[in-house]
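**Student:** Kindly return the folded structure for what I paste below:
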Amino acid sequence: MYNDVHVAAVERDDHKYTMRISRLAIDKLGIRLYDRVSAVLAELIANSYDADATEVDVELPWGVTLAGTIRAANEPAYRIVISDNGHGMTADEVNAHYLMVGSDRRIRTGSDLSRERRRPVMGRKGIGKLAAFGICRTIEVITAGSHEGDHTPLGWPVAHLVMDLDEMLSDTERDYYPKAGALDGTFTATRGTTVILSNFFRKRVNTGTELSRQLASRFGIERSDWRVNVRNSIGTESFILSDLAIDVMEETRIDVSRVPVRFGRQFLPVTGWISYSKQPYRDEAMAGVRIYARGKIVAQTRDFGIPAGFTGEFKLRSYLVGAIHVDWLDDDEDMVRSDRQDIMWNSPRGEALAQWGRALIKEIGRLGEKSIRRRVWEEFVERSRIHEMLEAIAPGDRQFRDSVLDAARILVAHKDRASLDDPAHIENMLRLALSLGPQRSLLDTLKEIAEDETDQEIDVVVALFERARVAEIYSLGQIASERVAVVNRLRALIDDRRSLERPFQELIESAPWLLAPEWTPLGMNESLKRVRASFERWYAHKFGTALLTTTIGSPKREPDFVLLHDSGELWIVEIKRMDYHLTDEEYNRAVNYLYELDRFLEENPRIGAQFPRRRLTFIVDHIDKLGPASLSSLFSDQRVDRRTWRELLDATLRAHRDFLERVYSMRGADEEGQGAARAG
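**Tutor:** Purely as a prediction, here's the structure:
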């Protein structure tokens, strides 16, 4: 854009550009609202859209931490550059509009459409330009153009200004005067705007694949005159911003345009779709229903706040996806939160939209539950080859085959498709079905021989035992008993406030279902040992520091963290003793472990493909010693969460009651047994 620059003799004025805004507002509206790289990029890309750009180029380093890393002396510092071919601004317009923070663009211009292409503009509150201060200290703006009357024989006039966060926050009362840059007052042959970000805080840029999904989820624009190209500044990769691709179950898709939102006597229009995905969520970008206003995301919900107790609720929060367009959310009434990450659900129109969404969820829950169960069962049958196996071991015993199939259906009924990616998991379910299935035949046979104990009938029972390989270790009753013992052990450790970290670590590692009730012993296999060992070797080679990720076999040393795994997910668990206060140093170290785990799996794609989801959980009672940056990261990073020990125990007890009830239901226990399960 600036290759053909003609320098004009323009006298520099230190106060040429002026920003009038409270420094407190800069802190609250920039730093506090936008602390993720993808969110900042979305705001700057939206500004280009509103400026009638048809081409936007974004260049940034992928898969790095923008600050805090050691770099070679001759290696330039990281930058993020966003360039567009929009109509641009003159210096007067920069002062009147760009530096006038917080003024409503639609009121100021008298229109909610863009100047030249008549696009419904996304910007409204005038604070998106501050978004970049959430990740960096320096914003440089180079812009040229505006109206046809601004063009001169030398070209379009260039306005170039540099805003520094530290200088901006140094005084809370006086106007702030951004510095004029080197290109200010020159001319160029083309219109457009370039924004350069530098001098970063410690922020992580995701990989290209993750970045593509995150940006795609933030926009719902279908226009032929709009193209965004995102390039890796430290590599050769790039991608074009497009719709977020989600493989859905077409039989569950609902076109929402046929169901407008009832609001009093009005019916408010909605377009788009909701459906169930074929696979559980791979990342947060595609989780739930994305709500757009004027082509930009304003909210994302997994359930519209629907109460529990509807058909399909357990699958809904892992499979529900959708993209709906509700432009009236961004009309006259201010219903969109300042950072455009949620809407005001307690407003009259917000409540109407929530009620509308809950009704649709009940409908799709009925459609989706059957579809998911059928697909999971079909995939299990195909991958396990259970029919071929049963025909081989019991060709003439239809009752035995049917019993095993019934047991397998019970075991698979509450699984998702991701759990079938692990061959060892399928093998364990198959063995358990073989062990549990024949128990129905066994009971029927025992009832028969109770009246006529002949040797022949006894032989039948013995043969059934041999064929079924019924072992106590696989019985659901045994699993239930083991869970009772583990829950009691957890309760005892919590009640004894002197308990150290190691017994908690050992308990979590041996019983991961304490963290995620759906993680049964069926999900444990030898592959975690291999992944853990490979990661520890890689880390030691990369950083020259030994890493320990397990309590098993390390009686003399505390683990750095506990690493767990189930179908498609690796889980770093940072465990602290009762009443412990987490520090910034410990928080940052654990987050870095998560980033390094990402890097390890990216460098080893065959392993990484097995674990597309990674997360970090802190089990710690107090976070009052964490600074603002750590707290912001903890609350905004969807892959990081924290639980107290009491919260963990309470959630485990609730899930445990449901588990026991299901166990006794499957085993056909009598009423007394069911009552005991509920009391447990």
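**Student:** Give me the next element, helix or strand, following the helix or strand that contains Asp402.
**Tutor:** Secondary structure from DSSP states H and E places Asp402 in helix 398-412. For helix 398-412, the following helix or strand on the C-terminal side (DSSP H and E) is helix 423-436.
**Student:** what is the rounded mean pLDDT of that next one?
**Tutor:** In this model, helix 423-436 has a mean pLDDT of 77.
**Student:** That one to helix 398-412, inter-axis angle?
**Tutor:** 130 degrees (axes from the mean of the first three to the mean of the last three Cα atoms, to 10 degrees).
**Student:** shift numbering so it begins at 50
**Tutor:** Noted, 50 is the first residue going forward, which turns the last one into helix 472-485.
**Student:** buried stuff in helix 472-485?
**Tutor:** Of the residues in helix 472-485, His474, Ile475, Asn477, Met478, Leu479, Leu481, Ala482, Leu483, Ser484, Leu485 count as buried by neighbour count, 16 or more other Cβ atoms under 10 Å. Any C-beta I mention is one placed from the backbone N, CA and C, and that applies to glycine too.
**Student:** could these go into JSON lines alongside distance to Tyr325?
**Tutor:** Output for those, formatted as JSON lines (distance: Cβ to Cβ, whole Å):
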{"residue": "His474", "distance to Tyr325": "22"}
{"residue": "Ile475", "distance to Tyr325": "22"}
{"residue": "Asn477", "distance to Tyr325": "26"}
{"residue": "Met478", "distance to Tyr325": "23"}
{"residue": "Leu479", "distance to Tyr325": "26"}
{"residue": "Leu481", "distance to Tyr325": "27"}
{"residue": "Ala482", "distance to Tyr325": "26"}
{"residue": "Leu483", "distance to Tyr325": "31"}
{"residue": "Ser484", "distance to Tyr325": "32"}
{"residue": "Leu485", "distance to Tyr325": "29"}
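**Student:** give me the element the closest residue to Lys464 other than its chain neighbours is part of.
**Tutor:** Nearest non-adjacent residue to Lys464, counting by Cβ to Cβ, 6 or more residues apart in numbering: Val425, 5.7 Å away. Using DSSP H and E, Val425 sits in helix 397-433.
**Student:** Check Arg540 too.
**Tutor:** Here Arg540 is assigned to helix 525-544, by DSSP H and E.
**Student:** who does the helix or strand just after that helix touch, helix- and strand-wise?
**Tutor:** Using DSSP H and E, the next helix or strand after helix 525-544 towards the C-terminus is helix 550-559. Here helix 550-559 touches helix 525-544, strand 611-615, strand 618-624, going by 3 or more Cβ pairs under 8 Å, 6 or more residues apart in numbering; DSSP states H and E.
**Student:** Give me the number of neighbouring residues for the residue nearest to Thr701 when sequence neighbours are not counted.
**Tutor:** Distances taken as Cβ to Cβ, 6+ apart put Leu563 closest to Thr701, at 5.3 Å, once the chain neighbours are dropped. Other residues within reach of Leu563, judged by other Cβ atoms under 10 Å, total 23.
**Student:** and Leu563, what is it in contact with?
**Tutor:** Shown in contact with Leu563 (Cβ atoms under 8 Å, 6 or more residues apart in numbering): Val535, Val536, Leu539, Leu556, Ile557, Leu697, Thr701.
**Student:** And it, how close does it get to Gly135?
**Tutor:** Distance, Leu563 to Gly135, using Cβ to Cβ, to the nearest Å: 53 Å.
**Student:** how many neighbours does the closest residue to Leu115 other than its chain neighbours have?
**Tutor:** Once flanking residues are discounted, Leu115 sits nearest to Phe249: 3.7 Å by Cβ to Cβ, 6+ apart. Neighbours of Phe249 under the rule other Cβ under 10 Å: 21.
**Student:** Which strand residues bridge Phe249?
**Tutor:** Cys185 (DSSP bridges).
**Student:** re the thing from before, which is the next helix or strand following the helix holding Val425?
**Tutor:** Heading C-terminal from helix 397-433 (DSSP H and E), you reach helix 435-442.
**Student:** what secondary structure does the nearest residue to Gln554 once chain neighbours are set aside sit in?
**Tutor:** Spatial nearest neighbour of Gln554, excluding adjacent residues (Cβ to Cβ, 6+ apart): Thr600 at 4.5 Å. Recorded secondary structure, Thr600: coil (DSSP: H, G, I helix; E, B strand; the rest coil).
**Student:** And the residue nearest to the spatial centre of the chain, how far from Ala265?
**Tutor:** Computing the C-alpha centroid of the chain and ranking residues by Cα atoms, centre = their mean puts Glu333 first, at 2.1 Å. Separation of Glu333 from Ala265 (Cβ to Cβ): 13 Å.
**Student:** Just the buried ones out of the contacts of Leu563, please.
**Tutor:** Among these, those classed as buried by 16+ other Cβ under 10 Å are Val535, Val536, Leu539, Leu556, Ile557, Leu697, Thr701.
**Student:** Quick check: the fifth one touching Glu623?
**Tutor:** Pointing back at Ile557 there. No: checked against Cβ atoms under 8 Å, the pair Ile557 and Glu623 is beyond contact range at 10.6 Å.
**Student:** Common neighbours of these two, please.
**Tutor:** Here Ile557 and Glu623 have Ile668 as joint contacts, going by Cβ under 8 Å, 6+ apart.
**Student:** still on that earlier bit, there's contact between the residue nearest to Lys464 and Ala457 in this structure, I believe.
**Tutor:** No: in this structure Val425 lies outside contact range of Ala457 using Cβ under 8 Å: 11.3 Å.
**Student:** Those two: which has the busier surroundings?
**Tutor:** Neighbours were tallied for Val425 and for Ala457 using other Cβ under 10 Å; the higher tally belongs to Ala457 (23 against 20).
**Student:** Pull the contacting residues for the more buried one.
**Tutor:** Listed by Cβ under 8 Å, 6+ apart, the contact set of Ala457 reads Phe429, Ser433, Ile435, Met478, Leu479, Ala482, Gly486.
**Student:** if you set the cut-off to 6 Å instead, what comes out?
**Tutor:** Ala482 (Cβ atoms under 6 Å, 6 or more residues apart in numbering).
**Student:** What distance do you get for it to Gly406?
**Tutor:** The gap separating Ala457 from Gly406 is 36 Å, by Cβ to Cβ.
**Student:** same question, Leu210
**Tutor:** Going from Leu210 to Gly406 by Cβ to Cβ gives 44 Å.
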